[in-house]
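Asker: Following is a predicted model, sequence given first.
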Amino acid sequence: MVKAIRVHEHGGPEVLKWEDVEIGEPKEGEIRVQNKAIGLNFIDVYFRKGVYKPPSIPYTPGVEACGVVTAVGPGLTGRKVGDVVAFAGGSMGSYVEELILPANKVVPVPPSIDPTVAASLLLKGMTTQFLLRRCFKVEPEHTILVHAAAGGVGSLLCQWAKALGATVIGTVSTKEKAAQAKEDGCHHVIIYKEEDFVARVTEITSGSGVDVVYDSVGKDTFQGSLTCLKVRGYMVSFGQSSGAPDPVPLSALSAKSLFLTRPSLFHYTVTRDELLETAGEVFANVDAGILRVRVNHTYPLSQAALAHSDLENRKTSGSVVLIP
């Protein structure tokens, strides 16, 4: 038996229960991994609340972790006991001390990357990679708008986009987060509680608008984000921390021939090659100093409810990690 967080009903952070679970032995094509660090992501909140539907209830939340291989299934090659591996997306159930995983869904973690960094980085880093490099390919001449610029993905978006030579505008909620966003590469930071972000973007861009908006906030920012785009601009909606956006009539896009996408990391890492290439580029950018990972908060896994509460109440910045 190992300890895990279990959810028996949708609801607030209080539905996260600390319980014993059985895990068994890895079968063909599987490995058993002892988690060293577990990433906390807003998608965990969506599943807990029932915004997204888990495969079944009760379930163990979490989609990201880094750990050490403790057993390999029969006939498996390419993985051995002692390997440090990480996974993000695909399988749910990372809020646990030890778990069974498909071997083809984990990626090797370079020795230069600490497990805490890997667990805090992989999902957010791979999300950043496909948003900047494949969803919309950011180039030096582009001006981009990043909402929640001090958040886990937002921080990485700003750093990577600046390294690509783009002009980065970020929105944040507080002066403290504004300072972090500046440090992370934002050329212009808008504290949206004090300023109208649409008016400021119009001013910053001399009325021309931005090439792309990366919006993980959803309902509160969606319409304003569309307004901020230039002709043939890209609206990339990849989260909804404030709730689902209102329906969009096609006429809202035709006014400026806008593009709208609601992408998911899982559709950009369908094949093993895509997964390895995406993760490899993230780890390489950490090693090169392009991406600085802020693990600003760690909580014991048993206190996942407190971590969820703090995340939802905007008491966190950067990445949050649970330690088994």
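Answerer: Nice, I can see it.
Asker: for stretch 56-71, how far is the first residue from the last?
Answerer: End-to-end distance for stretch 56-71, by CA to CA, to the nearest Å: 26 Å.
Asker: Quick check: buried residues in it?
Answerer: 59-69, 71 (16 or more other CB atoms under 10 Å). The way it works is simple: take the backbone N, C-alpha and C, and place the C-beta from them, glycine included.
Asker: now, which of those residues sits nearest residue 48?
Answerer: Residue 48 lies nearest to residue 61 out of the buried residues of stretch 56-71, by CB to CB, at 6.2 Å.
Asker: and that closest one, which of the three is it?
Answerer: Secondary structure, DSSP: H, G, I helix; E, B strand; the rest coil: residue 61 is coil.
Asker: Quick check: closest non-adjacent residue to residue 116.
Answerer: Distance criterion CB to CB, 6 or more residues apart in numbering; nearest residue to residue 116, sequence neighbours excluded, is residue 37 at 4.4 Å.
Asker: Quick check: the one you found is in a helix.
Answerer: No. Assessed with three-state DSSP, residue 37 is strand; it does not lie in a helix.
Asker: tell me the contacts of residue 155?
Answerer: Contacts for residue 155 (CB atoms under 8 Å, 6 or more residues apart in numbering) come out as 149, 180-181, 184, 294, 317-318.
Asker: Just the buried subset of the residues you listed, please.
Answerer: Listed as buried from the contacts of residue 155 are 149, 180-181, 184, 294, 317-318; burial here means 16+ other CB under 10 Å.
Asker: out of the residues you listed, what pair is the most spread apart?
Answerer: Spatial extent of these (CB to CB) is set by the pair 149 and 294 at 12.5 Å.
Asker: Show me the buried ones among the contacts of residue 155 that map onto helices.
Answerer: Cross-referencing the buried ones among the contacts of residue 155 against helices under DSSP state H gives 180-181.
Asker: Can you tell me which of the buried ones among the contacts of residue 155 is closest to residue 242?
Answerer: For the buried ones among the contacts of residue 155, the nearest to residue 242 is residue 149 (15.2 Å; CB to CB).
Asker: hang on, the earlier thing: could you save the buried residues of stretch 56-71 as CSV and add columns showing distance to residue 175 and pLDDT?
Answerer: Formatted as CSV, those follow (distance: CB to CB, whole Å; pLDDT from 0 to 100):
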residue, distance to residue 175, pLDDT
59, 39, 97
60, 38, 97
61, 33, 97
62, 32, 97
63, 32, 94
64, 30, 96
65, 33, 98
66, 33, 98
67, 37, 98
68, 41, 98
69, 44, 97
71, 49, 96
